[in-house]
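[1] structure, please.
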Amino acid sequence: MAEKWIKGAIKEPGALRKSLGVKEGETIPKDQLAEKKAELEEKAEGDKTLTPTQRKLLRQINLAQTLAGMKK
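    Here you go, the predicted structure:
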């Protein structure tokens, strides 16, 4: 059970996929993740702030990239 702790920690599976408009069963392209992350980080530069929805999306993208790097 300890080896599947990440699966239990993700509260809304598929939320990132839905917000990026990727169909279920398809993998999210790494280029699309990087592009969206750069876009959100650019919006947040300086004194500008992101909306709560945008902050959540940025956190989801960061988590997806981190978990993709952990894959065997």
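[2] give me the low-pLDDT residue ranges for the protein?
    Scanning the chain for pLDDT under 70 picks out 1-2, 71-72.
[3] what does the longest helix seen in it contact?
    Under DSSP state H, the helix in the chain containing the largest number of residues is helix 52-70. Contacting residues not belonging to helix 52-70 are listed as 6, 10, 15-16, 19, 28, 30, 33, 36-37, 40-41, 43-44, 50 [C-beta atoms under 8 Å, 6 or more residues apart in numbering]. (Each C-beta comes from the backbone N, C-alpha and C, glycine too.)
[4] any buried residues in that helix, and which?
    By neighbour count on 16 or more other C-beta atoms under 10 Å, the buried set for helix 52-70 is 57-58, 60-61, 64.
[5] about what we covered before: can you flag which of the contacts of helix 52-70 belong to helices?
    6, 15-16, 19, 30, 33, 36-37, 40-41, 43.
[6] now a PyMOL select for only the buried ones of those.
    Buried residues within the ones in helices among the contacts of helix 52-70, by 16+ other C-beta under 10 Å, are selected in PyMOL with:
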select buried, resi 16+33+36+37
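[7] state the distance from the spatially most central residue of the chain to residue 3.
    Note on the chain: the residue nearest the mean C-alpha position is residue 61, at 2.0 Å, using C-alpha atoms, centre = their mean. In this view, residue 61 and residue 3 are 25 Å apart by C-beta to C-beta, to the nearest Å.
[8] try residue 70
    Distance, residue 70 to residue 3, using C-beta to C-beta: 12 Å.
[9] go on, residue 20?
    Between residue 20 and residue 3 the distance, using C-beta to C-beta, works out to 28 Å.
[10] comparing the two, which shows the higher neighbour count?
    Between residue 20 and residue 3, counted using other C-beta atoms under 10 Å, residue 20 has the larger neighbour count: 16 against 6.
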